[in-house]
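S.K.: Build me a structure from this.
(chains A and B)
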Amino acid sequence: EAGVVQSPRYKIIEKKQPVAFWCNPISGHNTLYWYRQNLGQGPELLIRYENEEAVDDSQLPKDRFSAERLKGVDSTLKIQPAELGDSAVYLCASSLGSGSADEQYFGPGTRLTVT
Amino acid sequence: GNSVTQMEGPVTLSEEAFLTINCTYTATGYPSLFWYVQYPGEGLQLLLKATKADDKGSNKGFEATYRKETTSFHLEKGSVQVSDSAVYFCALSDDTGGFKTIFGAGTRLFVKA
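M.R.: Residues are numbered from 1 along each chain as shown, chains lettered A, B, ... in the order given. Reported below is the predicted structural model:
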């Protein structure tokens, strides 16, 4: 079974430029998460989808960040414009269900560097 | 709000040593507790979990017991191997007000041969 796929793995951009990250979750997983992980910290949730509906986007900085999950499968996270403080690893995860005890499966992440 | 505090690293041990990584939590509800592990260059993966008080999660020789009275979920292994070198994250998740998983800052473990 294929795991969670993310691309690109690495991205270097100048500040004020746009950037997009793509995630393909495990087949059949209805719940998809985007996390941001700063250096030396644990992941912090940005947005959670159940199918195509964003059910928790309270931590997403909506002035510059946007996300979509069309057809309830793949998802894209976008930053426009990027700021220096956005440098981090962006993780995508998926789970079969949406309960608190459900195991989340993580992709390898996209390491973003904003210069 | 909910929070997770785990011991700072790095932790450096010799092979076959005993491992303890401390984790304590604050939660308003009755959370599920997790340990995730991140090997170099890979994504986080679930190591073990416990969903209610006094439950013991175990996997690959690691274990942790959900202690409600001390709000703790310490990770232990009796004999570590070089291949256990990784970053370990304690996490909690509960359904209060719409569930969200909260992760600790992670503890890096180095095991020397």
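S.K.: Pick out the residue of chain B closest to chain A.
M.R.: Here chain B gets closest to chain A at one residue, B:Phe103, 3.1 Å apart by C-beta to the nearest C-beta. (C-beta placed from N, C-alpha, C; glycine too.)
S.K.: Okay, and the beta partners of that residue?
M.R.: Beta-bridge pairing for B:Phe103 (DSSP bridges): B:Ala91.
S.K.: Number of residues surrounding it?
M.R.: 22 (other C-beta atoms under 10 Å in any protein chain shown).
S.K.: A:Glu14 too?
M.R.: 10.
S.K.: swap in the one 3 residues further on?
M.R.: Per other C-beta under 10 Å, the neighbour tally for A:Gln17 reads 13.
S.K.: check contacts around the closest residue in space to it that isn't next to it in sequence.
M.R.: In space, not counting the residues next to it along the chain, A:Gln17 is nearest to A:Ala82; the distance is 5.7 Å by C-beta to C-beta, 6 or more residues apart in numbering or on different chains. Residues in contact with A:Ala82 (C-beta atoms under 8 Å, 6 or more residues apart in numbering or on different chains) are A:Ile13, A:Lys15, A:Lys16, A:Gln17, A:Pro18, A:Val19, A:Arg64, A:Leu112, A:Val114.
S.K.: Nearest residue to the middle of chain A?
M.R.: A:Trp34 (2.9 Å; C-alpha atoms, centre = their mean).
S.K.: Phi, psi for A:Thr31 please.
M.R.: Backbone torsions of A:Thr31, given as degrees, to the nearest 10, read phi -100, psi 130.
S.K.: Over to A:Gly72?
M.R.: Dihedral angles for A:Gly72 - degrees, to the nearest 10 - are phi 70, psi 20.
S.K.: Quick check: beta-bridge partners of A:Cys92?
M.R.: Here A:Cys92, judged by DSSP bridges, has bridge partners A:Trp34.
S.K.: Quick check, the residue in chain A closest to chain B?
M.R.: Counting by C-beta to the nearest C-beta, chain A gets nearest to chain B through A:Gly42 (3.1 Å).
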